[in-house]
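**Q** just the structure for this:
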Amino acid sequence: MTQETVKLQIPFESLLEAIVNLPLKEKHQLWRLLDKEINQSEEADLLAEDTYDWGLEGQPQGKPVEYIPGVGLTVVGGKDAPT
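**A** As a prediction, this is how the structure comes out:
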């Protein structure tokens, strides 16, 4: 038996109505599938983005930073850290 792929165009409102009527187990299954698809799409978008052109001199030197949740970017070693 061969598998065939069929493309359907379903109005978004109809899709939402169908999702609302799914049993909880199938909603979780759909959620996992959508989460996987979203992550793959976001990763592909990040990889496809053009890198920034720093010009002939390249990226300027700076101080190392780290991200601290609730605080933001912080200079490693404090503001007096060497560049």
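**Q** before we move on, what SS does the residue at minimal distance from the centre of the chain have?
**A** Taking CA atoms, centre = their mean as the criterion, E42 is the residue nearest the geometric centre of the chain, at 3.5 Å. Classification of E42 by DSSP: H, G, I helix; E, B strand; the rest coil places it in helix.
**Q** can you check G58 too?
**A** coil.
**Q** from Y52, how far off is it?
**A** Using CB to CB, to the nearest Å, G58 is found at 11 Å from Y52. All C-beta spots, glycine's among them, are computed from the backbone N, C-alpha and C.
**Q** next one: E42
**A** 19 Å.
**Q** and E4, by the same measure?
**A** Distance from E4 to Y52, by CB to CB: 45 Å.
**Q** what does R32 give?
**A** Taking CB to CB as the measure, R32 falls 35 Å from Y52.
**Q** L16 should be in a helix, yeah?
**A** Yes - counting by three-state DSSP, L16 is located in a helix.
**Q** and it, what's its pLDDT?
**A** Note for L16: predicted pLDDT of 95.
**Q** burial of it, as a residue count?
**A** 10 (other CB atoms under 10 Å).
**Q** which stretches of the chain form strands?
**A** Shown for the chain, the strands assigned by DSSP state E span residues 65-68, 72-75.
**Q** quick one: average confidence on the last one?
**A** Same thing as strand 72-75. Average pLDDT, strand 72-75: 86.
**Q** do the first one as well
**A** Here the mean pLDDT over strand 65-68 is 85, rounded to a whole number.
**Q** output the contacting helices and strands for that strand.
**A** strand 72-75 (3 or more CB pairs under 8 Å, 6 or more residues apart in numbering; DSSP states H and E).
**Q** which residues does the strand it packs on contact?
**A** K63, P64, V65, E66, Y67, I68, A81 (CB atoms under 8 Å, 6 or more residues apart in numbering).
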